[in-house]
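In: Sequence plus the predicted model coming up.
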Number of protein chains: 2
Amino acid sequence: MKTKPQDAGASPAGAGLGTRERVVRAASRLFQRQGYEGTGIKLIAQEAEATLGSVYHFFPDGKEGLAVAAIQHGDREFAEMLSSGLAGSDDPAEAVENCARTLATALRESDWAEGCPVTATALETLGRSPSIQQACLEALRNWQAVLAAKFRAGGFDAEEAEELACTVLSALEGAEVTSQVFRSETPLLTTGRRMAQLIRSRS
Amino acid sequence: MKTKPQDAGASPAGAGLGTRERVVRAASRLFQRQGYEGTGIKLIAQEAEATLGSVYHFFPDGKEGLAVAAIQHGDREFAEMLSSGLAGSDDPAEAVENCARTLATALRESDWAEGCPVTATALETLGRSPSIQQACLEALRNWQAVLAAKFRAGGFDAEEAEELACTVLSALEGAEVTSQVFRSETPLLTTGRRMAQLIRSRS
DNA sequence: TACTTGGTAGAGCGATCGTTCTAAAGGCTG
DNA sequence: CAGCCTTTAGAACGATCGCTCTACCAAGTA
């Protein structure tokens, strides 16, 4: 069906997409900005220009199922951001520093509100929602794999690539939070530069 | 007054402390474990073995004021943890690695539930509660200062000490989240080892 | 004894939460 | 056209939210 007419005019975001996709995107962005518990389903529906009925039609498991889909969306989104940030250089050190710059710019442009799309939800639901935790775990694994691939391509052996990927991912995650709290690009930029130094220190 | 009788038997936690202190500690631990929005004031009162009336007596500003006090408590608590973790060695690299081990052990012993006491609350309230955000900012600054002092004592000049402190703090924060999601000490331990490598790489 | 002060106790308020439910409209196939 | 299935629409439910309010209790002072 799709009942496409929907909205023809200038809509806030996600015009032209199916209802389900609009709901997922709205949920992902809201969870990212204000956490899982702090975001009501009615607000998500409103922001997505959908109705409560639609939300529960596509996500019969309710908020938890919607959150899983939102996390998976954030996973893909952030993985793309990492990839495009890394793509600028073949040197892993340069690539990571450039990646941190990309993240810092995006963070500032969202007025420090849109950091990592899973951290807030992950921390709130740890040990209380296995399905959400699983989705967060897969996201982190995915991002680490993206970094590890870059390091292997840069000449590191598999084990060291994995360890560096784990370290760099943790550092970027933490620096993103720090930058949000400080409302400053500095923590991300500094961390990016020092991660580059680390990568170069034994390559 | 203090109406000390309170509870004489074996109580869950914080027996013998004043009501206000018990409430702050319960709030800090609950915010740390399940976030700000996901924690109700009634639960905090119950966990602290206090009543709603007592909570609002000591915190007339309500949940937000209580959260500020809880963050400040978490600030002191985590600063002590950092300090004691760093105290094991005069070599900054060794000290940081040891610190990561301390954090990893504590995290595992809490069944991966008690990570950084401010991250969850900070992310949920960013840009929506200036007083809470300010308290989180001061906590991060405080912890960074603890690390920077260690680096200066280890022979780094002020500027490099500050940059390394920013990087190491971000990395530890991120690694703590990663360890929680993975339910594994590995991310914290790996990050600690690599941070030691970074510190040694140009000292 | 009477009065004050600092803290305890919890019923109850309006608002909002996640969820369920019924009804109906849109577009396809027969 | 009728029949069907997907999707939209939103009223309504019980539970819980943060918070206010009044009453009460225990010690200190006069």
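Out: Noted; the coordinates are in hand. A quick note: this is a predicted structure, and the numbers were derived from the prediction, not measured. Residues are numbered from 1 along each chain as shown, chains lettered A, B, ... in the order given.
In: Okay, now the unreliable bits of chain A?
Out: Where chain A drops to pLDDT under 70, the residues are A:1-15, A:203.
In: Okay, helices next: where are they in it?
Out: Secondary structure of chain A (DSSP state H): helices at A:19-34, A:41-47, A:52-58, A:63-86, A:92-109, A:119-125, A:130-153, A:158-182, A:186-200.
In: okay if I get those helices as TSV plus distance to B:Ala100?
Out: Backbone N, C-alpha and C define where each C-beta goes, glycine included. Putting the helices of chain A into TSV (distance: least, CB to CB, whole Å) gives the following:
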stretch	distance to B:Ala100
helix A:19-34	27
helix A:41-47	38
helix A:52-58	42
helix A:63-86	24
helix A:92-109	20
helix A:119-125	19
helix A:130-153	18
helix A:158-182	10
helix A:186-200	15
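In: Can you tell me which of these is most buried?
Out: Relative to the other members of these, helix A:119-125 carries the highest mean neighbour count by mean count of other CB atoms under 10 Å in any protein chain shown, namely a mean of 27.
In: what sits against the closest residue to chain B within chain A?
Out: Nearest residue of chain A to chain B, counting by CB to the nearest CB: A:Gly174, 2.9 Å away. Contact partners of A:Gly174, counting by CB atoms under 8 Å, 6 or more residues apart in numbering or on different chains, are A:191, B:169-175, B:177.
In: what's the closest of the helices of chain A to B:Thr39?
Out: Counting by CB to CB, B:Thr39 lies closest to helix A:119-125 out of the helices of chain A; the figure is 9.7 Å.
In: I figured A:Gly74 hits A:Leu30, correct?
Out: No: using CB atoms under 8 Å, A:Gly74 is not in contact with A:Leu30, being 11.2 Å away.
In: Look up how far A:Leu164 lies from A:Ala135.
Out: Computed as CB to CB, to the nearest Å, the A:Ala135 to A:Leu164 distance reads 25 Å.
In: ditto for A:His73
Out: Noted for A:His73: a distance of 27 Å to A:Leu164, by CB to CB.
In: How about A:Val177?
Out: Distance from A:Val177 to A:Leu164, counting by CB to CB: 21 Å.
In: same thing with A:Ala120?
Out: For A:Ala120, the distance to A:Leu164 - CB to CB - is 26 Å.
In: How many residues are close by the residue in chain A that DNA strand C sits nearest to?
Out: Taking CB to the nearest atom of the strand as the measure, chain A has A:Gly62 as its residue closest to DNA strand C, at 2.6 Å. Each residue near A:Gly62 was counted by other CB atoms under 10 Å in any protein chain shown, and the total is 11.
In: what's it sitting at in phi/psi?
Out: Per-residue torsions, A:Gly62: phi 80, psi -150 (degrees, to the nearest 10).
In: In contact with it, which residues?
Out: Neighbour list for A:Gly62: A:41, A:56 [criterion: CB under 8 Å, 6+ apart].
In: Equivalent analysis for A:Ala161, please.
Out: Under the criterion of CB under 8 Å, 6+ apart, the contact partners of A:Ala161 comprise A:148-149, A:151-152.
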